[in-house]
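Enquirer: coords below, sequence missing:
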Ligand SMILES: Nc1ncnc2c1ncn2[C@@H]1O[C@H](COP(=O)(O)OP(=O)(O)OP(=O)(O)O)[C@@H](O)[C@H]1O
């Protein structure tokens, strides 16, 4: 069940310790970290003619929250799929604490301590909430033929799995719903359910793909608290998120992807100063200096540009278009597509 990395073996880092870890890390794509747990080298994945992922080198710092951002189609989900065994790369290697994870199934990757959640939650709606969480346990003895000959061992394992699932449901405040069908949960509760299921293997690294998407604002703060609590337990968290306020609130370090590659890395408070990041988000639609306030939010003409881009993208999507095709045409005066 639990991976080889147990909770006891993990050492939570204080906010000061995390800050000082990154104090001397340069804002360079692929930069080395003081104590990396995941290390990615030369990982690429092509769909047809499109290079969805092309990551030369990436290190993820242990015990910290790394935010992974980038425009739609940047390759974030594909990278998650590759690193967790849900997809196979064309090239590349990656490892956790020196142990190669390439060519492993998702189940094997989870046993080595790396789990992920999905952008669209994968709850099985016709199973109870408790059973959905129980399904997160890997390598149950009951799965093995030999153990059908030793039902006592299997039953003890069953009890252990149920106990852990109940503990996790309590942690995520879903215990009152344990016997309800997962299909009856709200979007936000399903996200919590997925996190609970992912934690069944007691992972060292948790990769969350847009954990806030589709979550109502009332649950957002509690979800953020839960993600921070993973770090407080000494886990390493990598999460994809589009909301910059969320990124700034909880990330210790931010990795920016565009067109499959890592184009920038930085502490969250320095993101707005990074030209590569601004370019990736606003494309070539700026012929004036971009302006941001002290919190990194766009102001004045820059805010209008960002709003116009968002609107143009929404219209492209509404019309059935693909945002990876081309940059939308923006008429800044009308703030709409032309
Ligand atoms: N199975 C697939 N077949 C073909 N193309 C794919 C497939 N999966 C992803 N792609 C393409 O690869 C590129 C990267 O997609 P990916 O979903 O990884 O981006 P993303 O950064 O996660 O985007 P988003 O923020 O919109 O979720 C996109 O152009 C996408 O259309």
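Expert: Thanks, I have it. Because the structure is a prediction, the values reported are computed rather than measured.
Enquirer: starting at the chain centroid, how far to stretch 205-213?
Expert: If you compare the mean C-alpha spot of stretch 205-213 with that of the full chain, they lie 3 Å apart, counting by C-alpha atoms, centre = their mean, to the nearest Å.
Enquirer: buried residues of stretch 19-36, list them for me.
Expert: The neighbour-count check on stretch 19-36 (16 or more other C-beta atoms under 10 Å) flags 21, 22, 25, 27, 29, 31, 33, 36 as buried. All C-beta atoms are positioned from the backbone trio N, CA, C, and that covers glycine.
Enquirer: need the max-distance pair from the residues you listed.
Expert: 21 and 29 (18.4 Å; C-beta to C-beta).
Enquirer: picking that back up, next step: the buried residues of stretch 19-36 restricted to helices.
Expert: 21, 22 (DSSP state H).
Enquirer: JSON lines for the buried residues of stretch 19-36, including distance to residue 271?
Expert: Converted to JSON lines, the buried residues of stretch 19-36 look like this (distance: C-beta to C-beta, whole Å):
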{"residue": "21", "distance to residue 271": "18"}
{"residue": "22", "distance to residue 271": "13"}
{"residue": "25", "distance to residue 271": "14"}
{"residue": "27", "distance to residue 271": "9"}
{"residue": "29", "distance to residue 271": "14"}
{"residue": "31", "distance to residue 271": "15"}
{"residue": "33", "distance to residue 271": "18"}
{"residue": "36", "distance to residue 271": "21"}
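Enquirer: number of residues surrounding the closest residue to residue 180 other than its chain neighbours?
Expert: Using C-beta to C-beta, 6 or more residues apart in numbering and skipping residues adjacent in sequence, the residue nearest residue 180 is residue 129, 5.6 Å away. Residue 129 has 29 neighbours, counted by other C-beta atoms under 10 Å.
Enquirer: gap between residue 129 and the ligand?
Expert: To the ligand, residue 129 is 27 Å away according to C-beta to the nearest ligand atom, to the nearest Å.
Enquirer: would you mind listing what in the stretch 1-150 of the chain touches the ligand?
Expert: Within the stretch 1-150 of the chain, the residues that sit near the ligand (C-beta under 6 Å from any ligand atom) are 47, 50, 52, 70, 72, 73, 74, 75, 76, 77, 78.
Enquirer: am I right that the last one falls within a helix?
Expert: Pointing back at residue 78 there. Yes. Counting by DSSP: H, G, I helix; E, B strand; the rest coil, residue 78 falls inside a helix.
Enquirer: my guess is it contacts residue 46. True?
Expert: No. Checked against C-beta atoms under 8 Å, the pair residue 78 and residue 46 is beyond contact range at 10.2 Å.
Enquirer: what is in contact with these two at once?
Expert: Common contacts of residue 78 and residue 46, defined by C-beta atoms under 8 Å, 6 or more residues apart in numbering, comprise residue 52.
Enquirer: the two - which one has more neighbours?
Expert: residue 78 (20 against 14).
Enquirer: pretty sure residue 201 sits against residue 135.
Expert: No. Using C-beta under 8 Å, residue 201 is not in contact with residue 135, being 11.2 Å away.
Enquirer: more neighbours, the two?
Expert: Taking other C-beta under 10 Å, residue 201 and residue 135 do not tie; residue 201 has more neighbours (23 against 17).
Enquirer: pretty sure residue 95 is in a helix, no?
Expert: No. Applying three-state DSSP, one finds residue 95 to be strand, outside a helix.
Enquirer: let me see the contact set for it.
Expert: 38, 39, 101.
Enquirer: if it is in a bridge, with which residues?
Expert: residue 39, residue 100 (DSSP bridges).
Enquirer: number of residues surrounding residue 74?
Expert: Residue 74 has 24 nearby residues by other C-beta under 10 Å.
Enquirer: for it, which residues are in contact?
Expert: 257, 258, 259, 260, 280.
Enquirer: could I get those as CSV with pLDDT and neighbour count?
Expert: What follows is the contacts of residue 74, written out as CSV (pLDDT from 0 to 100; neighbours: other C-beta atoms under 10 Å):
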residue, pLDDT, neighbour count
257, 94, 26
258, 92, 20
259, 92, 17
260, 96, 23
280, 73, 19
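Enquirer: dihedrals phi and psi, residue 12?
Expert: Phi and psi for residue 12, reported as degrees, to the nearest 10, are phi -60, psi 140.
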